[in-house]
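Student: Dropping the sequence and predicted coords here.
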Amino acid sequence: MKRAPLARDGAPLGPVWLRLGWGALLVGVGLLWLLPYLWMVVTSLKTLPEIVRAPTAPLPSGLSFEAYAAALEAMPFAHYLWNTTLMALLIAALQIAVALPAAYCLAKLQFRFRTAAFLLVVATLAVPAQVRFVPVFALLAEVGLVNTMSALVLPFGVSAFGTFLLRQALLAVPDALIEAARLDGASEIAIVYRLLPPLLLPALTAFFLFSFTYHWNDYFWPLVMTTDDQVRTLPLGIALLREQGTGVRWHIVMAGNVLLSLPALAVFALAQRHLLRAVTTKAR
Amino acid sequence: MALVPRRRTDPLWMLAPTALLLAVFFFYPLLHAVHTSLHRWDLLTEPRFVGTANYRSLWESGDLLHWTTTTVLFSLVVVTGATGLGLGLALLLNRPGRLVGFVRSAVFSAYVVSWVSVALLWLWVLDADAGALNGLLGFFGFEAVPWLGSPRLALLAVAGVTLWKIAGYGMVLFLAGLQDVPPALLEAAALDGAGRLARFWHITWPLLRPTTLFVVTTSLIASFQVFDVVRVMTQGGPVHATTVFVYAIYEQVFVNLRVGRASAAIVVFFVLLAALTALQLWAWTRRDPSARAPRGSHP
């Protein structure tokens, strides 16, 4: 007997009206998430007179890049971009360097307060940056570190999520591998930083991408920790475009916004698989 | 199965960097906040001890109640929306095919783009005079709506924008959950004559319960910490309609220079978050006593 084709949820594809409705819904959802991006690009290609005269015209009269020029002129863009990237890289590197030995110790070594130490690390998930910023700001001000890269990087040196993720990945590494390395005379440092990273590559990649995009996009911490251009990051600079009394000059804000979201979207396009893993391992 | 450390001191140095950073940037700040909350302090002059005056002021002025109400309302919309929309999108998009894959990516991409980008994008779309949404409404003969200018609508609008950004998060988790539903079970039910709804209600939905719990608890905690969208889109207004907890704390410090009062708010906020986190851990361990260890909220 021939059966109706099955969809992935195991249900037959169903009558025509159902399939049509599903198709319409699919297109609707796609448009709901794509049109805002398109609108951003369209707006960024308009000129000031166009924005004033017909802000909702669906297409610009021509391709004008004056908004991009204006956005780049309004801020030290390359400097902000460098700050942001350097900060996100340093945070991710520090988090991994700190989390690797901790995760190894918590996953593999036998010692007295192992469970307590692990719970203590996990408990810090309840203490987000929004709770810590005032005392940390006061502390850093005291030692003259406000407005420095240290103020942006050091407070994020420990990632409870990263430690947890690496610990889970380490549980799957056989003890025999580590014992063999010990017999070969490898020191514990060599085991942590040389033997483990290749074995944990999928978890490390997922965590690196997750941490990097999160901090690259972060707005809150740089906002409260910096007051001048020296270490200001890109999301701050772009948000400032709108605050600096731009009035109706939305084409400039949107041009800045294109420049801000493009790198994130590019990373997303290249590494969607790894980001998906970072999100879903948390739930499994 | 655990290995014996070679030297008894090995665990010490391995945990030392973590312990040091936790002490300086997590535990000290909590104590400092409790201490500061008992003082009047403007960041410039010496702090002055005032006892519980800051807490009383938060309570008596009604600020605390207002911030909590705003945050809870916002959370309610975001949590139910993110869960419902996430599940709906996952069910809609749980098929093979390039177009479906593209739509999945489009929805999830919003989760990866920065909050600032999303907030600016929607600030422009929702602009009362020149925004695309009111333009579209006008095209169909409707009146312009002051999305962010009306105290009644602003919180909903900000919650809607948040939903747009995080719906992909719920969707991805539900899609992963759907992969764990055995197709044989659904096929067997179909052969037994169970309809679409019956199959969903009796098989898929119960199996998705752990995923649902995870999405609800993580988005609850994340929505309590909302700040970026509010700062960029409404600055807490109009007339404090969108002054959520974290924005209020920020405003107390950097606009009003009332650090003591802000610290009192921080202490209260921390207690709220700790309670929510405890609730989350309790829910997870209850559903799965084989102790899959706790995992992160949004970091």
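Tutor: Alright, I've got the coordinates.
Student: CA atoms for contacts and neighbours, from now on please.
Tutor: Fine.
Student: who in the stretch 151-299 of chain B is up against chain A?
Tutor: Within reach of chain A by CA under 8 Å from any CA of the partner chain, the stretch 151-299 of chain B has these residues: B:164, B:169, B:172-173, B:176, B:183-184, B:186-187, B:190, B:196, B:211, B:214, B:225, B:227-228, B:232, B:246, B:253, B:259, B:263, B:266, B:269-270, B:273-274, B:277, B:294-297, B:299.
Student: Can you flag the buried ones in the residues you listed?
Tutor: B:164, B:169, B:172-173, B:176, B:186-187, B:190, B:196, B:211, B:214, B:225, B:227-228, B:232, B:246, B:253, B:259, B:263, B:266, B:269-270, B:273-274, B:277, B:294-297, B:299 (16 or more other CA atoms under 10 Å in any protein chain shown).
Student: Low-confidence ranges, the chain, go.
Tutor: Here I'm looking at chain A. A:1-13, A:244-248, A:281-284 (pLDDT under 70).
Student: Chain B is the one I meant
Tutor: B:1, B:286-299.
Student: Mind checking if the lengthiest helix in it is in reach of chain A?
Tutor: In chain B, with assignment by DSSP state H, the single longest helix is helix B:63-93. Yes. Using CA under 8 Å from any CA, helix B:63-93 comes into contact with chain A via B:92-93.
Student: Any residues of the stretch 51-200 of chain A in contact with chain B? List them.
Tutor: Within reach of chain B by CA under 8 Å from any CA, the stretch 51-200 of chain A has these residues: A:55-56, A:98-99, A:101-102, A:105, A:107-111, A:122, A:124-128, A:130-132, A:134-136, A:154-155, A:157-161, A:164, A:175.
Student: hmm, which of these are the buried ones?
Tutor: Applying 16+ other CA under 10 Å to those, the neighbour count classes A:55-56, A:98-99, A:101-102, A:105, A:107-111, A:122, A:124-128, A:130-132, A:134-136, A:154-155, A:157-161, A:164 as buried.
Student: Which members of those are positioned in helices?
Tutor: A:98-99, A:101-102, A:105, A:107-108, A:122, A:130-132, A:134-136, A:160-161, A:164.
Student: now the helices for the stretch 101-250 of chain A?
Tutor: Using DSSP state H, counting those that start in this stretch, the helices of the stretch 101-250 of chain A run over A:114-123, A:129-142, A:149-153, A:160-171, A:175-183, A:188-190, A:196-199, A:201-217, A:220-225, A:234-243, A:250-281.
Student: outside of the third one, which residues touch it?
Tutor: This points to helix A:149-153. For helix A:149-153, contacts defined as CA atoms under 8 Å, 6 or more residues apart in numbering or on different chains pick out A:87, A:90-91, A:140, A:145, A:221-222, A:225, A:231.
Student: if we go to 7 Å?
Tutor: For helix A:149-153, the external contacting residues (CA atoms under 7 Å, 6 or more residues apart in numbering or on different chains) are A:87, A:90-91, A:140, A:145, A:222, A:225, A:231.
Student: Compare these and tell me which has the most neighbours.
Tutor: Top of these by neighbour number is A:Ile91, holding 26 neighbours under the definition other CA atoms under 10 Å in any protein chain shown.
Student: How about the contacts made by the closest residue to B:Ala53 other than its chain neighbours?
Tutor: Excluding the flanking residues, the one nearest B:Ala53 by CA to CA, 6 or more residues apart in numbering or on different chains is B:Leu38, at 7.3 Å. Contact analysis of B:Leu38 by CA under 7 Å, 6+ apart lists B:49-52, B:54, B:260.
Student: what does B:Thr68 give?
Tutor: B:Phe245.
Student: separation between it and chain A?
Tutor: 15 Å (CA to the nearest CA, to the nearest Å).
Student: which parts of the stretch 1-150 of chain B sit against chain A?
Tutor: Those residues of the stretch 1-150 of chain B that sit near chain A, judged by CA under 7 Å from any CA of the partner chain, are B:2-5, B:11, B:14-15, B:17-18, B:21-22, B:25-26, B:29, B:32-33, B:94-95, B:103, B:106-107, B:109, B:112-114, B:116-117, B:121, B:130-132, B:135.
Student: Mind giving me the ChimeraX command for buried ones among these?
Tutor: Selection of buried members from the residues of the stretch 1-150 of chain B next to chain A for ChimeraX, criterion 16+ other CA under 10 Å:
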select /B:11,14,15,17,18,21,22,25,26,29,32,33,94,103,106,107,109,112,113,114,116,117,121,130,131,132,135
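Student: what about the helices in the stretch 51-200 of chain B?
Tutor: Remark: helices assigned in the stretch 51-200 of chain B by DSSP H, counting those that start in this stretch are B:53-60, B:63-93, B:98-112, B:115-125, B:132-139, B:151-179, B:183-191, B:196-199.
Student: now those in a markdown table, with distance to B:Ile221?
Tutor: Listed next are the helices of the stretch 51-200 of chain B as a markdown table, based on distance: least, CA to CA, whole Å:
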| stretch | distance to B:Ile221 |
| --- | --- |
| helix B:53-60 | 23 |
| helix B:63-93 | 9 |
| helix B:98-112 | 16 |
| helix B:115-125 | 17 |
| helix B:132-139 | 30 |
| helix B:151-179 | 13 |
| helix B:183-191 | 33 |
| helix B:196-199 | 31 |
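Student: do you know which of the ones you listed lies nearest A:Met254?
Tutor: Proximity to A:Met254, assessed across the helices of the stretch 51-200 of chain B by CA to CA, is greatest for helix B:115-125 (7.3 Å).
Student: buried set for the closest one?
Tutor: By neighbour count on 16+ other CA under 10 Å, the buried set for helix B:115-125 is B:115-125.
Student: give me the element the spatially closest residue to A:Ser211 that is not a sequence neighbour is part of.
Tutor: Leaving out its chain neighbours, the residue that sits closest to A:Ser211 by CA to CA, 6+ apart is A:Ala92, at 5.9 Å. A:Ala92 belongs to helix A:77-108 when elements are defined using DSSP states H and E.
Student: Please work out how many residues are found near A:Glu50.
Tutor: 16.
Student: before we move on, which element is it in?
Tutor: helix A:48-53.
Student: Now do that helix: everything it contacts.
Tutor: Here helix A:48-53 makes contact (CA under 7 Å, 6+ apart) with A:Arg249.
Student: one more time with 10 Å, if that's ok
Tutor: A:43-44, A:55-57, A:60-61, A:66-67, A:248-252, B:130 (CA atoms under 10 Å, 6 or more residues apart in numbering or on different chains).
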